[in-house]
Structure formats: C-alpha cells, structure tokens
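# Test case, fold it:
(one chain, ligands or ions: 2)
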Amino acid sequence: MNLLSSLDLSQKEIATLLDLSSRLKRSAASPLSKSSPLLALLFEKTSTRTRVSLEAAMHELGGSCVYIDSHTSQISRGETIHDTARVLGSYVDIIAARVYKHSDIEDLAAAAGVPVINALSDAEHPTQALADVYTIKQVFGKLKGLRIAFVGDIATNTANSLMVTAAKTGMQVSLVGPDACVPSRKYVDAASKYSTVEVSDDMEDGLEGCDVVYTDTFVSMGEEAQASKRRKLFAPYQLNSKTLRFASDGARVMHCLPAHRGEEITSEVLDGKSSIAWVQAENKLHVGKAILLYLLNKVS
Ligand code: CP
Ligand code: NVA
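Ligands and ions are numbered 1, 2, ... in the order given. Purely as a prediction, here's the structure:
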C-alpha cells in the first residue's frame, strides 16, 4: 500500500490515521521496535519539516532512515526514477519521495515493490493535508461542519491535497485567489463529491464564515523563474490583521510552512494568537508515525 495521493484515501482510512496519530502522540510505545525497518527518503527538492519529521518518526518508532538526494545519487547522471526505485526497494522497507513531477511518484511506486509515501509532488502534498486536518480536529474538537478557506495559490499542491482531505472529513472548503489562478478541476470535482467547494477572487466574500484560514507560499519550489510575476498576482491575498477580520471571530490561521513573512502572511498573524501553524508543524511528527505504521501494516 502507498500514500501517493489524497484522492486514494477513503474517509475510513483518514479517520483511522487521525485516531492512530492521537494514540501515538500520547504514547511512546512502538510496535516496530522488534523489526527495525528502514525508510529511504529520496528527495529532489529541499525540505525541513517533512524530511526531519519522517526521520524523527521512524527513529522514535525504532526503525532507521537513509537520506538520498537527486544531486548526490545516480539520478543526477540520468538513472531513471524507475530503475532507482527498483534497486532501493530491494534494500529498504518503505520509501518517502519528494519529486517535481507527480508521475514520477507513480513510477516510483510501480517499481519499488515496497510502500511509497508522496512527500510532496507538483500536484499533491498528502501527508501535509493529513497533519492539517489532524491539527484542526485537535484545536476544534471536530471537523464536520467547519469551514476552511485556502487563500492565495489555490492551484498549488497543498491546496489540492487539503481540499480533498478536508472535504472527506466533512469540512466545507472555500478557495480564495485571483481569477488567473484556476484551481485544478480534478481536485475540485473529487472534493465536491464529499462537501461544498466554493471559489472566489474576493477576500471578504471568500473568508466570510470561515473557522480556519490557510495559506502557502506564492512561489512554490520549481516556480522561481516566475517569482516576481507571482508575487504581484497574489499580493492582494496576503493574510494580515486586516484581511483576517473578514473571517469568523476566533478563526485560526494555518500555514504549511516555510513562510515568506511579509509576502503571503505577515509576522503579526503568523506569530499571533490566531496562528496554529507551529502545532501544525509539530503534528507532522505524530501523523508521520501513523502513516509509517499504517503503510508498514503494523496497526494493531
Ligand atoms: N510543510 C512542508 O512540507 O515543509 P518542508 O518543505 O520543510 O518539508
Ligand atoms: N506549495 C509549496 C509547499 C511547500 C511545503 C511548494 O511546493 O513549494
């Protein structure tokens, strides 16, 4: 079993992973300590949270990790993802990969012969979305009926995974960004099967009634060549103390991080009392453990 896409997780599996995350957050005992499995982290892009939370998760569960990046492995000299995956799968028990092209994560999973976790692709960030809904559930005590706004680059990987995962847990989704940034039909359609998904280019409209307001960078990894154009396009969608007033009283602010302070979010908001971005980052560890145990088929 793999975790390649938020589209593949059933509502029951999401609930299982969230419950397991809570159990793991409370307890240090690990069902893996006897088998000591090995996790390979194959990263084509930089990472702080996803890499270290998965390494820490595996370490705390009693397994170990090996990190390989595309610059220092034979991928840099043209070895295909497929061939790399085939070999890695004969050395390790599970692979987490961060890739540019989503099709590469699918190729990797097809060749690896061991479970594969999508640690971010151009299309999705499914482990992040699970940590996000887990955090919302912890803070609000529920998910069903809450309204979440994703603000800014509503066509990015985090938006895709979050809209699907949040909708599957019964949250209503509001996507707020410029007209020129068109959300992916595939993910909007998938999310709409479970809940409402509304799209607006107006901050006041889009944030109305929202319990959670979420944002991500305006310039994702791989988009650096269009950085100045994108910063201009998304500038009206900054989360600041003024725009946050459009949301419900007591709305909480989330950011997958890394944040670009002064661009998509101000320091005042990110460090303010509405922000739950820091516990959201911490929860990547607990949810990472749940994902590893689940995919290694070690859930009792
Ligand atoms: N949120 C997230 O995926 O952060 P990293 O890029 O640091 O892993
Ligand atoms: N959308 C961002 C997410 C970073 C965690 C990116 O792809 O760079």
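# Leaving out chain neighbours, which residue sits closest to residue 126?
residue 6 (4.4 Å; CB to CB, 6 or more residues apart in numbering). Quick note: C-beta positions are derived from backbone N, CA and C, even for glycine.
# cool, and residue 45?
Excluding its sequence neighbours, the residue lying closest to residue 45 (CB to CB, 6+ apart) is residue 221, at 4.7 Å.
# so the one you found is in which element?
Per DSSP states H and E: residue 221 is located in neither a helix nor a strand.
# circling back to that earlier point, the residue nearest to residue 126: neighbouring residues, count only.
Using other CB atoms under 10 Å as the criterion, residue 6 is surrounded by 28 other residues.
# Spit out the contact partners of it.
With contact set as CB atoms under 8 Å, 6 or more residues apart in numbering, residue 6 has these partners: 124, 126, 129, 160, 161, 162, 164, 165.
# Would you mind giving those residues as CSV with pLDDT and secondary structure added?
Listed next are the contacts of residue 6 as CSV, based on pLDDT from 0 to 100; DSSP: H, G, I helix; E, B strand; the rest coil:
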residue, pLDDT, secondary structure
124, 98, coil
126, 98, helix
129, 98, helix
160, 98, helix
161, 98, helix
162, 98, helix
164, 98, helix
165, 98, helix
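# coming back round to it: distance of the residue nearest to residue 126 from ligand 1?
Distance of residue 6 to ligand 1, given as CB to the nearest ligand atom, to the nearest Å: 14 Å.
# Around ligand 2, which positions in the stretch 101-250 of the chain sit nearby?
Within the stretch 101-250 of the chain, the residues that sit near ligand 2 (CB under 6 Å from any ligand atom) are 120, 156, 157, 158, 216, 217, 220, 221.
# hang on, residue 223 packs against residue 230?
Yes - using CB atoms under 8 Å, residue 223 is in contact with residue 230, at 6.4 Å.
# Have a look at the two and say which one is more surrounded.
Counted by other CB under 10 Å, residue 223 and residue 230 do not tie: residue 230 has more neighbours, with 20 against 15.
# what's the pLDDT at the more buried one?
Looking at residue 230, its pLDDT is 98.
# Contacts only, for it.
Neighbouring residues of residue 230 by CB under 8 Å, 6+ apart: 153, 218, 219, 223.
# so what's residue 176 closest to, chain neighbours aside?
Counting by CB to CB, 6+ apart, residue 206 is the residue found nearest to residue 176 once chain neighbours are left out, at 3.2 Å.
# just checking, the one you found touches residue 172?
No - applying CB under 8 Å, one finds residue 206 not in contact with residue 172, separated by 11.9 Å.
# out of these two, which sits in the busier spot?
residue 206 (24 against 19).
# And the contacts of whatever helix or strand the more buried one lives in?
For residue 206, the element it lies in under DSSP H and E is helix 203-207. With CB under 8 Å, 6+ apart as the test, helix 203-207 has contacts from 149, 151, 174-176, 198, 200, 213, 236-237, 243-244, 246-247, 251.
# Contacts only, for residue 53.
284, 285, 288.
# distance of it from residue 131?
Remark: distance between residue 53 and residue 131 (CB to CB, to the nearest Å) = 8 Å.
# Find the residues that touch each one of the two.
With contacts defined as CB under 8 Å, 6+ apart, the residues shared by residue 53 and residue 131 are 284, 288.
# how about the helix holding residue 206 as CSV, C-alpha atoms only?
This file holds the C-alpha atoms of helix 203-207, laid out as CSV (Å, rounded to 0.1, in the frame of the first residue of the first chain):
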residue,chain,number,x,y,z
MET,A,203,-11.2,38.1,0.2
GLU,A,204,-14.2,39.4,2.0
ASP,A,205,-16.6,37.1,0.3
GLY,A,206,-14.3,34.0,0.4
LEU,A,207,-13.3,34.4,4.1
